[in-house]
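**Q** structure for the following, please:
(2 chains)
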Amino acid sequence: MASLVATDAQQELAHSVAKFLEAELPVERLTGAGLDPALDSRTWHQMASLGWLGIATAGVAGGSDLPVGDQVLVAREFGRVLAPLSMLASLLGARVAQAAGNAPLAESIIAGISRVATAVPTDAPGAGDGTPAYLLDCRDATLALLVTPEGAALHGLGELPELDQREAFDEAMALALADLAAAPVLCRVQDPGLHDLTLILSAAYATGMCEAITGMAVRYASTREQFGRPIGGFQAVKHRCADMAIRSDAAWAQVVFAALCFGQDNGRARYQALAARLVASAHAIVNAQANIQLHGAIGVTDELVAHRFLKRARVMDMCFGTAVTHRDALLSCSDVLEQAA
Amino acid sequence: MNLDFSPDEQEFREQARDWLAENSPGRAPPVGTDERMGFDKRWQRTLHDHGWAGLSWPKAYGGRELTLMKQLIWFEEVARSGAPGEGIFFIALNHAGPTIIARGTEEQKAKFLPPILRGETPWCQGFSEPNAGSDLASLRTFGRIEGDRLIVNGSKIWTTNGHQADYQEMLIRTEPGSVRHRGLSWVVCDMHHPGVEVRPIRAMDGDLHFCEVFYTDVEIPLAHVVGGLHDGWNVAMTTLEFERATASLGERIEIGRVVETLLRLARETRDASGRPVIETGDIAARLAMARAETAALRAMSYMTISRFEQGPVGAEGIIPAVFGTELVQRVHELAFEIMGSRSLEMHPVCNWPKRYLASRLRTLAGGTAEIRRNIIGERLLGLPKG
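**A** Here you go, the predicted model:
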């Protein structure tokens, strides 16, 4: 019968991913750091060797094409530790390459040899002519993934002149401005499903953030004492924590529902994917802001990772379409009740 | 994880869909309280006569004993068809009935359960008192034991539909000198008994949602104590956690229908400058989020059911309750604004302003949003008690 709960095997998968990340990529690695140290090539290859970059791809070496329900479990763990955005872009990029018939490129991404940045079209001041786009998490990236409602494309960055590096809002990732028109399209896939899968996986990542933030807030509220007792005993604080838990649960339920609809290929995936992304992304932002408030002044300092969650939540909300475009798209979908199974 | 419905479930969905298409009243319940009671009774009777009553109840007591998933399917089809919800039978079907099924004697079951399913006896709840609201365990209404009966004195308040119900599930103190959760009993009060005085309270939307009830030497047979004398707190808790998680499935699904109606309204309604309301950026954005959050609420219902299938579910059933009730309020705030200047009139048909006002009750009834957040914080997150 239908069930949104992870099976034992799925829990084991999530647990094994979590265990590795906890040891190798704890979110505390970002404390006081600038660029994410997990982007060094040793860690990257380690993660590639675990097969994580092939979970969304079938039919090539290293591609395991896990069910989407499994993929969201992995992406959620990525979000918990603020794993590099390029991991998400790379595992999606591998699928794009494979779908476009470029198996060698897919295999190169999965093996950790080619890294994928995320392209976000922009009209920012000084962006220049052509098709200007920000390249997110572009350190050592040779490819850029551009996802649109109709499909996805991989641009090769090799022929671009030296990248126009910019200071990133989220300092964990390198940021550059580039003219995508000057970066040749190596693969292009007309498949709205790729867009939906991207939204679902980014929503899963955002949900992992929601949950990690809740845990961080609850731990602090349980140990930090003022007026002679843990601040978590005060309703003003307790209710904030409860709200964070509510937002996390709502996001996760919707992510799983969307993942399962996607897996069924029943025409409902677009609606559910947009809803998942909108809810999870908004909830990650609000949770991150609440967590900073709950920590008091230490919450706004560089030495606590609270701000890293906020920055990543904001960045995720701008990748693969923005909340504005997603809301428009959701309103133009047909009535979901009419689509009941 | 899977979203596979069995052939049996799909067949059930089709049966429900076909039957509802043919039998749903096809119009919204009337607004006046008396008209509403007649409407709800007729609909419950129709459900009963066609075998759709008591879907969650055991077969032994006239129910269908359906799985939670089939109940959810039913509610999805009800929302899809625009058929009415449980209305005045909400307490009887989701609270009093299940409690009697779980803890009552065979005599009590035979007496009280069948008329509920037949749509004859609406029930109300008598838990809150003037000085026992969120702090329910401080309740004082007292039942003195005299021979084979209790002599009850005291008062209850915020009794939803108290003026229309035939029976009341009451939590009263029966052990002299007892305090807090001890010494309480869960009893059935016949609302037509001498000594029961019901005073409806007019709410801000003009309707009589709830009442004050006064008890002066009301005689209640000891045979109407459910689940053991002085064990009332445990009896009340028997169905509480289950109820939190599942009783509101219907209205959680129903909100999807409301959002779709609003979307249509926002496309059809024009503002003072002649522009469709949907073209107002703020309204469109909030409608989109309402759709997204409604989807999430539905997914949370699926998640809750999935967890129930695996074993007992504790306080986490409260999470969808908080998210859902506040979503209902946001949706009605949006409705009020979409209607623009039309919201200035309490119109008998175009009644969004009334529904907006009524929605404010949602975060108070059945436990305030604040108490629920305490429970989430303390029982689920392990934060210290205040």
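**Q** lowest average confidence across helices and strands of chain B, where is it?
**A** helix B:240-246 (a mean of 67; mean pLDDT, DSSP states H and E).
**Q** buried ones in the helix or strand just after that helix?
**A** Next in sequence after helix B:240-246, counting helices and strands by DSSP states H and E, comes helix B:249-268. Buried residues in helix B:249-268, counting neighbours by 16 or more other C-beta atoms under 10 Å in any protein chain shown, are found at B:249-260, B:262-263, B:265-266. C-betas here are computed from N, CA, C, even on glycine.
**Q** those: which ones sit near chain A?
**A** B:256-257, B:260, B:263 (C-beta under 8 Å from any C-beta of the partner chain).
**Q** from those residues, pick the one nearest B:Ala79.
**A** Nearest to B:Ala79, judged by C-beta to C-beta, of those is B:Arg257 at 4.6 Å.
**Q** let me see the ranges of the strands in chain A.
**A** For chain A, applying DSSP state E gives strands covering A:115-121, A:132-136, A:141-148, A:151-156, A:164-166, A:175-179, A:185-190, A:225-226, A:229-230.
**Q** quick one: list the elements packing against the third one.
**A** In this structure, strand A:141-148 packs against helix A:85-99, strand A:115-121, strand A:132-136, strand A:151-156, helix A:192-223, with contacts taken as 3 or more C-beta pairs under 8 Å, 6 or more residues apart in numbering or on different chains; DSSP states H and E.
**Q** of those, which is nearest A:Ala329?
**A** Closest approach to A:Ala329 among the helices and strands packed on strand A:141-148 is made by helix A:192-223 (9.4 Å; C-beta to C-beta).
**Q** and that closest one, what other elements does it pack with?
**A** Helix A:192-223 is packed against helix A:68-80, helix A:85-99, strand A:141-148, strand A:151-156, strand A:229-230, helix A:235-264, helix A:269-294, helix A:306-316, with contacts defined by 3+ C-beta pairs under 8 Å, 6+ apart.
**Q** is there proximity between the shortest one and chain B?
**A** Put plainly, it is strand A:229-230. Yes. Legend: contact between strand A:229-230 and chain B by C-beta under 8 Å from any C-beta is shown at A:229-230.
**Q** can you give me how far that strand is from the chain middle?
**A** Taking C-alpha atoms, centre = their mean, to the nearest Å, the mean C-alpha location of strand A:229-230 is offset from the chain mean by 35 Å.
**Q** which neighbours does that strand have in its sheet, and in what orientation?
**A** Applying DSSP bridges to the sheet, strand A:229-230 is found paired with strand A:225-226 (antiparallel).
**Q** and B:Ala365, how far from B:Leu184?
**A** Using C-beta to C-beta, to the nearest Å, B:Ala365 is found at 21 Å from B:Leu184.
**Q** when those two are compared, which one has more neighbours?
**A** Each of B:Ala365 and B:Leu184 has its neighbours counted (other C-beta atoms under 10 Å in any protein chain shown); B:Leu184 has more, 27 against 14.
**Q** next up, the contacts around the residue lying closest to that one once chain neighbours are set aside.
**A** Of all residues not flanking B:Leu184 in the chain, B:Gly232 sits nearest, at 3.6 Å (C-beta to C-beta, 6 or more residues apart in numbering or on different chains). The contact partners of B:Gly232, by C-beta atoms under 8 Å, 6 or more residues apart in numbering or on different chains, come to B:171-172, B:174, B:184-187.
**Q** let's see it at 7 Å
**A** Listed by C-beta atoms under 7 Å, 6 or more residues apart in numbering or on different chains, the contact set of B:Gly232 reads B:171, B:184-186.
**Q** what do you get for A:Glu150?
**A** Listed by C-beta under 7 Å, 6+ apart, the contact partners of A:Glu150 are A:190, A:192.
**Q** and for B:Ser285, nearest residue in space, chain neighbours not counted?
**A** Not Ser; residue B:285 is Ala. Excluding the flanking residues, the one nearest B:Ala285 by C-beta to C-beta, 6+ apart is A:Arg327, at 5.5 Å.
**Q** how close does the residue lying farthest from the centre of chain A get to chain B?
**A** What lies farthest from the middle of chain A is A:Gly228; by C-alpha atoms, centre = their mean that is 39.9 Å. Distance of A:Gly228 to chain B, given as C-beta to the nearest C-beta, to the nearest Å: 12 Å.
**Q** ok, now A:Leu177?
**A** With C-beta to the nearest C-beta as the criterion, A:Leu177 and chain B are 28 Å apart.
**Q** how many residues are close by the residue of the stretch 51-200 of chain A found nearest chain B?
**A** Residue of the stretch 51-200 of chain A nearest chain B, by C-beta to the nearest C-beta: A:Gly69 (3.9 Å). Neighbours of A:Gly69 under the rule other C-beta under 10 Å: 20.
**Q** enumerate every residue touching the residue lying closest to it once chain neighbours are set aside.
**A** Nearest-residue entry for A:Gly69: B:Met1, 3.9 Å, with adjacent residues in sequence omitted and distances by C-beta to C-beta, 6+ apart. If you count contacts by C-beta under 7 Å, 6+ apart, B:Met1 has them with A:3-7, A:10, A:69, A:256, A:260.
**Q** with adjacent residues omitted, what lies nearest to residue 170?
**A** Let's take chain A. Nearest residue to A:Asp170 in three dimensions, chain neighbours excluded: A:Lys311, at 4.0 Å (C-beta to C-beta, 6+ apart).
**Q** if you could check chain B rather than the one you did, that'd help
**A** Among residues not flanking B:Met170 along the chain, B:Gly126 sits closest, at 3.8 Å (C-beta to C-beta, 6+ apart).
**Q** show me which residues of the stretch 51-200 of chain A sit near chain B.
**A** Counting by C-beta under 7 Å from any C-beta of the partner chain, the positions of the stretch 51-200 of chain A adjacent to chain B are A:Gly69.
**Q** could you redo the last one with a cut-off of 10 Å?
**A** The stretch 51-200 of chain A comes close to chain B at residues A:67-70, A:72-73, as judged by C-beta under 10 Å from any C-beta of the partner chain.
**Q** closest one of those residues to A:Ala56?
**A** The nearest member of these to A:Ala56, counting by C-beta to C-beta, is A:Val68 at 8.3 Å.
**Q** contacts only, for that closest one.
**A** A:Val68 makes contact with A:55-56, A:75, A:196-197, A:200-201, A:204, A:256, A:258-264, A:269, B:1, according to C-beta atoms under 10 Å, 6 or more residues apart in numbering or on different chains.
**Q** repeat that for A:Thr122.
**A** By C-beta under 10 Å, 6+ apart, the neighbours of A:Thr122 are A:131-134, A:177, A:318.
**Q** ok, A:Glu171 next?
**A** A:30, A:33-36, A:302, A:307-308, A:311.
**Q** and these, which are buried?
**A** Buried positions within the contacts of A:Glu171, assessed by neighbour count (16+ other C-beta under 10 Å), are A:30, A:35-36, A:307-308, A:311.
**Q** where exactly do the helices run in chain B?
**A** B:7-23, B:33-49, B:68-81, B:90-91, B:97-103, B:106-117, B:232-238, B:240-246, B:249-268, B:281-310, B:318-338, B:352-359, B:369-375 (DSSP state H).
**Q** in JSON lines: the residues of the stretch 51-200 of chain A next to chain B, plus pLDDT.
**A** Formatted as JSON lines, these follow (pLDDT from 0 to 100):
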{"residue": "A:Pro67", "pLDDT": "97"}
{"residue": "A:Val68", "pLDDT": "97"}
{"residue": "A:Gly69", "pLDDT": "97"}
{"residue": "A:Asp70", "pLDDT": "98"}
{"residue": "A:Val72", "pLDDT": "98"}
{"residue": "A:Leu73", "pLDDT": "98"}
